[in-house]
Structures are given as C-alpha cells and as structure tokens.
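# how would this look folded up:
(3 chains)
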Amino acid sequence: MPTELVMTHEAVPGFFGRLIDEGPVMGPRERARQPGFHHFDWLDSADDLVLEYQTTTIPPKKAFFPPRDVLFEFDLTDPPEFRAVRDATPFTLVGVHPCDLEGLRLLDDAYAQEPAEACWPANRARARIIGVDCTPDEYCFCTSVGSCHSRAACDLFLTPIERGRLVEVLTGAGEEMLRVSDVTEASDEDHAQAQQWRDDKEAAVTAGLDASPAEFADLLATGDFTDIWHEISSRCYSCGSCNTTCPTCFCFDINDEFDLGLTGGRRVRTWDSCQLAEFALVAGGHNFRRLRWQRVKHRWHRKFDYLYREFGTPYCTGCGRCSRACTADINIVDVSNQIIEAARQGVQG
Amino acid sequence: MIEHDNVSPAEDITRSYQPELARVIGKWQMTELMVLLRLQTESGENLEHEPGQFLQVSLPGYGEAPISFCSSPTQTDSFELCVQAVGNLSEAMHDLRPGDFVGVRGPYGHGFPIAEMEGRDILIVAGGIGIAPLRSLINYIADRRSDFGRGIVVYGARTPSDRLFLDDVAAWDARADLETYFSVDEPDDTWTGMTGVVTVPLRGVEIDPDRTTAAVVGPPVMYRYVAMELLAKDMREDDILFSLERRFKCGMGKCGHCQLNDLYVCQDGPVFRYTQLLGRSEAIEVWAPEEQKG
Amino acid sequence: MEGPTKRFGNKPQIAFFDFACCEGCQLSVLQLEERLLDILELVDVVTWREAMSEYSNDYDIAFCEGSITREQDIERVREIREQAAILVTLGSCASGGCHNDLKNQWEMDEMLALVYGDQAEHFDTIPSRPITAVVEVDYKIYGCPVSLAEFVTVVKRILTGQSYEPPNQPVCVECKLNDHLCVLEKGEVCLGPVTRGGCDAICTGFGDACQGCRGLMDAANVGAMLKALTREQAHAIVRKVVERYGFTQDDIETKLRIYNNWPELNLEEIAANDD
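Numbering: from 1, shown residues only, chains lettered A, B, ... in the order given. Presented below is the predicted three-dimensional model:
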C-alpha cells in the first residue's frame, strides 16, 4: 500500500503555487469568458487551478500528444536538412481524473507496441502527474471498464477529505514533490473519509455497460449488427468529435507546410479521426471505409474488440466524453447496451 | 500471420518520423503517369528490404507517402521506386532529376515470405501497376533461379501503352526458365498478345496446386476474381498471397489509417495470406461480389 | 527540383478582381499586413483596385471574389479566365454560394423592381451564381470572409506547383483541435457538424455559433441534423435548445440556405443523401 498523507485545505495553494514556481504546470482551469466550463491549460498561479471540475472537452493527453505537433523542421538546402524541434522542458500535469490516468496508461501501451513510437514516451518522460478524485455525472461509466479507481501513470493522487486531501504517494517522483510543510500523517479518520468518498463515487456512477469488457468483445466479434450500425450512422454527422475528445484515440495524419519564404518548413502531425469520410481513402481514389455505417462500426470494434484483444483491456476509459460531445446524441453506453441486448436475444441485424 | 525475423527495430527512434536522405541516381519515364527512380541512400547503407515491403518517401514541403520497392534485394548498391503521378508529392517526384534528394524511412511491413516460398513453384499475378512491387519478387526469383521451382509470370495491363518495365518484361520473356503470360484489356494495332483482364491468361496456366505459391498484386477489384481462378486450380487458400493497398501515414501501426479489422496493413501486411483476409469484413478486395451488400 | 516557383518565369504577376460581393475577402487579404510583404517577395501585384491605383491586364494569377449576377459578369470572368494561367476564387460567393444567391428564390423582375423601383428598366440581373458555376477554376478558397491562413496556404501551394483541395471535414474537427467549448453546450444552434472546415473554427473560438459560411461539406449528414435538432429523442442539450427557441426544420433550412442556395437548396433531397 502506498504511503498516505494529508494535505490540509490551507496547504493546498502553497503546494501548487510552489510547483508553478518550479516550472510549467498544466491543470484544469476555468475557460476564459466561459464561466463554469473547464479545460486543461497552463496555470499562471495556484488560483487558476480548479480541483473539482466536470470532465473537460479535450482530455489531458494533449499535454503529451498535442493536437498539432511539429515533428521536425526542414530547410530546402541542397541537400535538404532536417532539424528536430522536440521540447524537452519538464512540466507537471495536475488535476487528472482516474479515467484520464487510465487513458494515459492505455496510450503508453499503444505507442510502446513494436515498433515503438518515439514522441509519446519522450513527452511522458518530461512530466510529473498528480491525479485527483472526481464526482461522476450521468455520462460517466468508469465502473464498467475498470478505471474508476485507477492510479495509473501518476506520482501523487489526491482524494477529498474533510480537512483537505488525502495524498497517496505512488512514486519516488511524487515523494520528491512533497515538502514536510505540505503534509501531515493521515489518521484512521482521514483514511475512512477517503474510503467513503471512493464508495460514494462508485455508487454515483449510474451509467454502465450491461456486459463485462470480455463478454462485450466476444459479442461484438461474433455478431452481425449491421442494422444497428445503419440506424446509428443515420444519426451520425461523421464529425469526428467522438474521436477528437477521446482519451484513448491515437490516430493521426501527417502533412508538410512550407514557410512563407518557401525556403523551409515543417512536417506536422495532427489528430485524426476514423469517423471522417476520407480517413481510409487511398491515393488511387479507393475509399476502404466509404460508408458511414462502416466507420461507426469500426469505432466500436476498435475500442471494444480489436484493441481489447491486443492489450487485454478495452480502449475506453468510461469518461463519457464522446457521448457528451455528440450533438446527435449517439451515446456510447446506450449503443453498446443496444448491441449487447441484440446479441443476447439473438436478434441481430 | 506470416512470421519474419526482421521486424522493424524500435531502437532507431530518430527514424520514427525523420527521414534519411536518398539521392536520385537514375530516372526513366515509363508511361505518361509512371516514372521509375533509382536511388541510393546518402549514408551508402543498403536498406535491405524484402520484396513486397514499402518505404515512406517524402519531399520536404510536398509530404510523404508509402511506395513499394520495385527493385530486387539482390540489387544491393541502389534501390528503385515506381511513382505514379496522382497527387502533389508524386507529381513533384516526377520533376526530380538525378542528383536531387528525397527523404526515406523504412523499409516497413512484411513482404513476401521468401524463406517458405523457396523450393516451390511461384505463380505471379500482376494487374496494372501491381507489377511494380512484383517486379522486385520476379527479379529476385530470376536472380536466385535455382532456389525456386517454376517461375510463372502473368501480367495484365489496361492498354499496351500502360505496360510497365518493358525491358524487364522482354528479359523475362526471353528466359527459358520463366514462363510468361501477358494480356491487355484494350488492345491496339500493335498488340499481338492476349486480350482480356488478367484472369484470361491466368485461366490457361497449368499448375501443380500442391507445390505452388501465388503472389498477387493489382487493383482492389482484381483480387476476388484472381482468387476464384486460383481456387478453381485447386490451390490452397494458405498458398495465395495478396499485397493490399491502404493509406499509411506512419508505417508503424500507430496512425490508424491502414487498419483492416484488427490488422494494421503497414505492419501485419501489406502481404497477407488469403486465409488471413477471408474472415475479415474490411478486406473488401476479397469478398465475393454477392457479399458486397450494403 | 526546379525550385518552388518553377511554374512561372520569375515573379508571377497577380491580380485581384471583384464581382458582386462586399469585398470583404480582399479586405481580409489586406489584413495580412506584414505577411503581405513576405508574399510580395515572391509575387508582383499588378492589379488590385482595393489596394492600389495601378492597373494591368497582364497577369498570371487572378484572385476573383464575388458572385456572377449579370450577363456582363459572365463575359468579364471569361476574359479573366482567358488571361490567367491560374484562376483562384476567393471566398464563398465565388467558390460555392453565398448571400447573393438568396435572391434566386424570387423572379428576377420582382427583384429588380424591389431594389430599383421605377428605375428597374436601366438594370439587368440574372440568378446569382458562384464563379465556379461559370468558368473552370484552379483553386477554391471558401469562407465568408476567407481565412488568412488558408489564403497563405493556397498562395504557397500555387507557387510550389501543388494543387489544393479545400478541407472536406466539418468545423467540429478544428473546433475540438483548438479545445473550444461546443457552442451547443451554451444552448446555441451551430452548423459546425455539417459545414466544411478550414476556418480553424474561428467563430466557435469566440463563442459564436457556426453560420455555415463554407457551405455544406461533401456527404454532410443534414438528415442527422434534422433528427438531432427536431425530434424528441434528440441530445439533452439540443432538446433544451429546441424548447427554448422552438427550433424547427424551417429554422435549419433558413440558416443553411444562406450559403447553400446555389444550386437551389433542397433540404429534403440533401437530408435523404445518407451514405
């Protein structure tokens, strides 16, 4: 069991203030001009940090895999020169919910698979991470995919208790972040309150999949749900928001840009989405997933079937972002349960 | 899955995205849309590809795209790429001149399983520009002739003027130890060979199904018909190898563009056994026509 | 390689022309300010009424904004097409459709009388259409007005001999990549999910709904939008919007028509086009 300490309410601002003094800190803060809505962004002071926030639109993976990422720059000399431009500045990512911690772990696995990708682990190595516990809303279903109490990828984890936060010290880096003045010993009462928080949280998760990940993977793999895919796709815009808000999506596109002087430029990696019409289009003009229903189907299989089989866990953290972001009300839990029910009844498409 | 020893090394992380330089040392315009480039890495290193593997090729500012090797691994001092002008990058590559540079990274993917093909009769079926990656295999077999049984080349093009690698084709045709069958869909006055899609000459080829491996590359629409012909010759599904085209942005099984059900074509392929594709709904090339519903 | 500006002898000569429009796209280009100086290192501007008094009919690249609304416009744009090695349409009026096309819902005589009253006989008008409907164009830049970043991209593509396909993905993609808050979360109706992107989601970045100024993207699922915004089982947030504003199919149609009325918007037909 990791060391558990207590950071009182009074000590919290000083602790985060000191982290911000030490170097860049990204965390949840209120959006400018949009009170009540939060996003992950660089913090200017401890006052900016909001530790109790509803799930952000974009997950914190953007700290390690920016939506637009310059892979390298080039000069059109003869021969051309390529120049790495990776930022190596250490930083701290704070205020990460358990589902998003799990998302980071899943991307660690995906990008580490041979042949490993280099940018993700390089950026992950730059950061210390502090997780915080959360309050679920009606879209959350972390209990169905095992991410509810994840402590993956983080160095410290904070759980609300009456007199402040219970601090789980999970790594040496986490230990190093703490000063004696930040924390005190945790009492039995502190432990009990933190446990109560976890129990309450788990009970507050109302949405859920009607099958275990393993069973769901099997049902998807063996059934034919074409009719369901057709119905869902008739409501789907193919806008890609389910992908662009997903903490486990890792697909990307790569394109070149010239500088305006046309003497150099850069190669840029951008988040991509398998739901977009041209995702599987090849140079010769053939589109291997031309129809909307094929793309919708692909997303479910990739999350719950293909990557489940590859990595032993669904590539879904139950964060509910895709459902919140879908302006056509395609809810990942509802659709999954529709599939599960159809499969069990043998009423397949 | 086809097992290979030389899975791309993870340790060379600088090559994740940043290419190395290769210099154009020869260029031949084969048809209006197709150019053949001969290249050498600036480091002088042999890329050590297998027939059927591909390379990510780029021109800074114009982008990057996967291109199959069309030269045999037995050609060690240089390698060749066949480039069809279909977009900004490939059109810019048509403007390259000897001495110019391109960026390359790779090779990527699994090519033809040479080791298990050795000793067997090899039936090569090429449709259109599918001849490019297969030229790598054909010339390899031609150079290592005693390692293989019969060498049969069936090549169909749309018109006589779309035919590629005419020098190679003539050389294969002239060899007594290679059997060649050529056809075009739309003949002109100069054409004296067979008329029809590639399955027409294929139908006339007699093989021993127990000792034949087929290597097939062509446009998506071709695969299912070739498969039917090969099965009609009593070939085993496991002995039929298809190389598939998908969009590869990374070559490392990460960008997601080439995913075919649970497979990444850039890593698990691009060369697959027919058996691997049959159970996979997104291998739409191999579906029988009546299965193409909705 | 022959170098980036291989398509032209030296610095290509460029010209700007306007047809029926607000000239806001040209104005936007002027707002490039210092970046304009960088562009002038690569090209010579020989004609640009909004920016200079010199004029020349000898040019390689023509940027044309505005809609074709009179017979003489057709003739003029054909002449430009004849002269220009490369013709670029600047903005939605010229590239796909814009406010001007709204007049096509009425008879032309009616329109003339409404606008010019008893002087109507001195004017002529034809149904409004984008330049792309009249002559072949080499590059299209959508937007009302154009995005400066996209304009610069197209200039670079032209000068390096590359084609440019306007993005065919909805505004939502760039909205999310910029980590903007979904406008629907604020209870506003946004055309982002069906509208061609490329604007870097500038409007939603300022908290405004997408007005659909780049027109519908290819294969836009308008049917999905009708289902989402008008039927009972719509998204909870959308349902609130429907309750608050009484959002109807007509409202969507009216909003879509502004940038999609060439050829005439047929909502039923578009909505049925569900691939």
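# Sticking with residue B:37, tell me its helix or strand.
Using DSSP states H and E, residue B:37 falls within strand B:34-41.
# Chain B: helices as residue ranges?
Assigned helices in chain B, in chain order: B:88-94, B:114-117, B:131-143, B:166-174, B:199-203, B:223-232, B:265-268, B:274-278 (criterion: DSSP state H).
# looking at those helices, which is closest to chain C?
helix B:88-94 (4.1 Å; C-beta to the nearest C-beta). (Glycine included, C-beta is placed from N, CA and C.)
# re earlier: with mean neighbour count and mean pLDDT added, can I get the helices of chain B in JSON lines?
Formatted as JSON lines, the helices of chain B follow (neighbours: other C-beta atoms under 10 Å in any protein chain shown; pLDDT from 0 to 100):
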{"stretch": "helix B:88-94", "mean neighbour count": "21", "mean pLDDT": "96"}
{"stretch": "helix B:114-117", "mean neighbour count": "16", "mean pLDDT": "97"}
{"stretch": "helix B:131-143", "mean neighbour count": "25", "mean pLDDT": "98"}
{"stretch": "helix B:166-174", "mean neighbour count": "14", "mean pLDDT": "97"}
{"stretch": "helix B:199-203", "mean neighbour count": "18", "mean pLDDT": "96"}
{"stretch": "helix B:223-232", "mean neighbour count": "19", "mean pLDDT": "96"}
{"stretch": "helix B:265-268", "mean neighbour count": "24", "mean pLDDT": "96"}
{"stretch": "helix B:274-278", "mean neighbour count": "19", "mean pLDDT": "94"}
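# would TSV of these with distance to chain A be doable?
Listed next are these as TSV, based on distance: least, C-beta to the nearest C-beta, whole Å:
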stretch	distance to chain A
helix B:88-94	7
helix B:114-117	21
helix B:131-143	13
helix B:166-174	22
helix B:199-203	20
helix B:223-232	12
helix B:265-268	8
helix B:274-278	13
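# List the buried residues of stretch C:174-190.
Neighbour-count burial for stretch C:174-190 flags C:174-177, C:179-186, C:188-190 (criterion: 16 or more other C-beta atoms under 10 Å in any protein chain shown).
# touching chain B at all, it?
No. Residues of stretch C:174-190 contacting chain B under C-beta under 8 Å from any C-beta of the partner chain: none, with a closest distance of 15.9 Å.
# ok, now stretch C:147-156?
No. Shown here: stretch C:147-156 not in contact with chain B (C-beta under 8 Å from any C-beta), separated by at least 8.5 Å.
# Give me the contacts around that stretch.
A:257-258, A:260, A:262, C:28-29, C:31-32, C:35, C:39, C:42-43, C:88, C:90, C:139, C:141, C:143, C:164, C:198-200, C:202 (C-beta atoms under 8 Å, 6 or more residues apart in numbering or on different chains).
# Tell me where the stretch 101-250 of chain A has helices.
A:119-124, A:142-145, A:172-177, A:188-204, A:213-222, A:226-235, A:241-244 (DSSP state H, counting those that start in this stretch).
# got a list of what residue C:21 touches?
C:65-67, C:91, C:93-94, C:98, C:100.
# okay, now residue 151: neighbour count?
Went with chain A since none was named. For residue A:151, the tally of surrounding residues (other C-beta atoms under 10 Å in any protein chain shown) stands at 16.
# if you could check chain C rather than the one you did, that'd help
By other C-beta under 10 Å, 23 other residues sit near residue C:151.
# That one: which element?
Using DSSP H and E, residue C:151 maps to helix C:148-159.
# Now that helix: buried residues?
Result for helix C:148-159 [16+ other C-beta under 10 Å]: buried residues C:148, C:150-159.
# export these to CSV and tack on distance to residue A:215 and pLDDT?
Listed next are those as CSV, based on distance: C-beta to C-beta, whole Å; pLDDT from 0 to 100:
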residue, distance to residue A:215, pLDDT
C:148, 53, 95
C:150, 48, 97
C:151, 53, 97
C:152, 53, 97
C:153, 48, 97
C:154, 52, 97
C:155, 56, 97
C:156, 53, 96
C:157, 51, 97
C:158, 56, 97
C:159, 58, 95
